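K.L.:
here are the coordinates; sequence isn't available:
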């Protein structure tokens with residue numbers, strides 16, 4: 001049976017108003033409002049962006065990618081305006097972004113990241129915010145439009161993160177399934193070809209999609 005991603009996405013958004021999501025919902029609205037007010041360039045990635053697309057039916061935290069020039073202001077807002085507590089900073093040997101900070105408030109977790117870099121499989125993948133990889137999702141039941149990372153770079157990131165945490169393979173495969181029904185943008189994938197060497201991981205990631213005829 002063909003999956004109806006749009007219908008699932010609408011069901012997810014309606015479920016977002018359940019009591020269990022209340023702290024995360026209110027936090028998201030505050031972040032959207034304050035980041036828009038400060039004219040910060042940002043987008044949500046990882047599980048919440050998959051949730052809004054109907055690819056998964058739950059999420060646990062917010063992964064927010066911010067433009068390098070805006071990350072200090074974003075962190076100031078998280079601390080001084082949102083009132084979140086800074087829990088951790090820096091990389092872990094696999095994710096070594098230009099700037100990474102982990103925040104908590106009301107049992108909600110938020111990662112603020114600029115220059116998202118993943119080092120696995122003997123290679124490195126770098127994703128920075130730029131207009132071409134931001135998609136704005138607009139739902140009737142949400143008071144704000146939500147900027148999310150396009151699935152093409154997110155697919156590349158999950159493919160690389162599999163070399164750090166094998167469980168990431170599950171979401172990579174879910175995105176591939178989504179691509180079979182919703183054609184990916186070839187140019188966004190090809191941007192991450194870092195080498196003409198067929199053995200390079202970035203090349204392998206893109207060819208995995210191309211060889212499955214998702215573009216036809």
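P.N.:
Received, thanks. Quantities reported herein were computed from a predicted structural model and do not represent experimental measurements.
K.L.:
before we move on, what SS does residue 113 have?
P.N.:
Here residue 113 is recorded as strand under DSSP: H, G, I helix; E, B strand; the rest coil.
K.L.:
what's around it, how many residues?
P.N.:
Other residues within reach of residue 113, judged by other C-beta atoms under 10 Å, total 25. Placement of C-beta: from N, CA and C, glycine included.
K.L.:
Across the sheet, point out what pairs with it.
P.N.:
Beta-bridge partners for residue 113, by DSSP bridges, are residue 65, residue 100.
K.L.:
Need the pLDDT of the residue positioned nearest the centre of the chain.
P.N.:
For the chain, the residue nearest the mean C-alpha position is residue 45 (1.2 Å; C-alpha atoms, centre = their mean). Reported pLDDT at residue 45 in the predicted model: 95.
K.L.:
again, but for residue 130
P.N.:
89.
K.L.:
picking that back up, what sits opposite the nearest residue to the residue nearest to the centre of the chain once chain neighbours are set aside in the beta ladder?
P.N.:
Nearest residue to residue 45 in three dimensions, chain neighbours excluded: residue 149, at 4.1 Å (C-beta to C-beta, 6 or more residues apart in numbering). Beta-bridge pairing of residue 149 under DSSP bridges involves residue 134.
K.L.:
same thing with residue 42?
P.N.:
residue 66.
K.L.:
What's the local residue count around the closest residue to residue 59 other than its chain neighbours?
P.N.:
Leaving aside its chain neighbours, residue 59 sits nearest to residue 47 (3.9 Å; criterion: C-beta to C-beta, 6+ apart). Residues within reach of residue 47, counting by other C-beta under 10 Å, total 17.
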